[in-house]
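Undergrad: Task: produce atomic coordinates for the following.
(one chain, ligands or ions: 2)
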Amino acid sequence: MEQLFEALITDFIRDKVGIAEHFLSPELAFHLKENLITAFAENKFHEAGTGNSAAVHQDQNNRSDSIYWLDRSHNNAFEHEFFKLMDAFVLFLNTTCYTGITDYEFHYTLYEKGSFYKKHFDQFRNNDCRQYSMIMYLNTNWQKTDGGELCIYQEKAQQRISPENGKLVFFKSNELLHEVLKTNVPRMSITGWLKTG
Ligand code: OGA
Ligand code: NI
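TA: Ligands and ions are numbered 1, 2, ... in the order given. The predicted model follows:
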């Protein structure tokens, strides 16, 4: 695991974006995707907003995904396994990079066919505790024609990342402008933030 984390951080330091192709094992990704599908069928998802809770505004022009928060109180074995992995990753980050992460939050995300998320930064204007963004994809057999790439805009380059099963994308929340292109098939992921204070 340490090797995986180290490779990811090396990428991140060099490119401002760290990508790990197999961050979630196929088994864990499979079960988290099952959780997502079940929770969606049980109407637990809600439309994602574009502000924090003090200033949430649902803006279907900006984004059209829906979300459901992971929570230890669900007592779900696979969510527990996921949180264990995140605890190990945060410990690694805090010891090797002195990041001082004290908390995190993650939600399941579903982009139904035709959904997107226009260009944005992840840090709220009136709240700077989101330090690092993490997105992990749960889509098997992703095809080029499926759309739904994550586009990251940097000064000199634009990067397109396909949302393939088990892949993690990691970047600093206030630093990189990014967008999710319109997806032509349902697009599933776990999205979250490592936080301070
Ligand atoms: C977000 C986001 C990217 C993705 O939820 O803020 O930018 O690839 N997600 O799902
Ligand atoms: Ni984002």
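Undergrad: For the rest of this, base every contact and every neighbour count on C-alpha atoms.
TA: OK.
Undergrad: Find the nearest non-adjacent residue to the residue of the chain found nearest ligand 1, please.
TA: Among the residues of the chain, residue 150 lies nearest to ligand 1; the distance is 4.5 Å by C-alpha to the nearest ligand atom. Setting aside the residues directly before and after it, residue 150 is nearest to residue 180 in space (C-alpha to C-alpha, 6 or more residues apart in numbering), at 4.6 Å.
Undergrad: any idea how far residue 136 is from that neighbour?
TA: 14 Å (C-alpha to C-alpha, to the nearest Å).
Undergrad: okay, the two: which has more neighbours?
TA: Neighbours per residue (other C-alpha atoms under 10 Å) separate residue 180 from residue 136, with residue 136 holding more: 27 against 22.
Undergrad: so where does that one fall, helix or strand?
TA: For residue 136, the host element (DSSP states H and E) is strand 130-137.
Undergrad: And that strand, what does it pack against?
TA: Packed against strand 130-137, as judged by 3 or more C-alpha pairs under 8 Å, 6 or more residues apart in numbering; DSSP states H and E, are the following elements: strand 168-172, strand 187-195.
Undergrad: could you give the angle of the helix ranked longest in the chain to strand 187-195?
TA: With DSSP state H applied, the helix covering the greatest number of residues in the chain is identified as helix 77-97. Calculated by axes from the mean of the first three to the mean of the last three C-alpha atoms, to 10 degrees, helix 77-97 forms an angle of 40 degrees with strand 187-195.
Undergrad: what's next to helix 77-97, contact-wise?
TA: Defining contact as C-alpha atoms under 8 Å, 6 or more residues apart in numbering, one finds that helix 77-97 is touched by 2, 5, 28, 31-32, 70-72, 99-101, 194.
Undergrad: Return the residues of this protein in contact with ligand 1.
TA: The chain comes close to ligand 1 at residues 122, 135, 150, 179-180, 191, as judged by C-alpha under 6 Å from any ligand atom.
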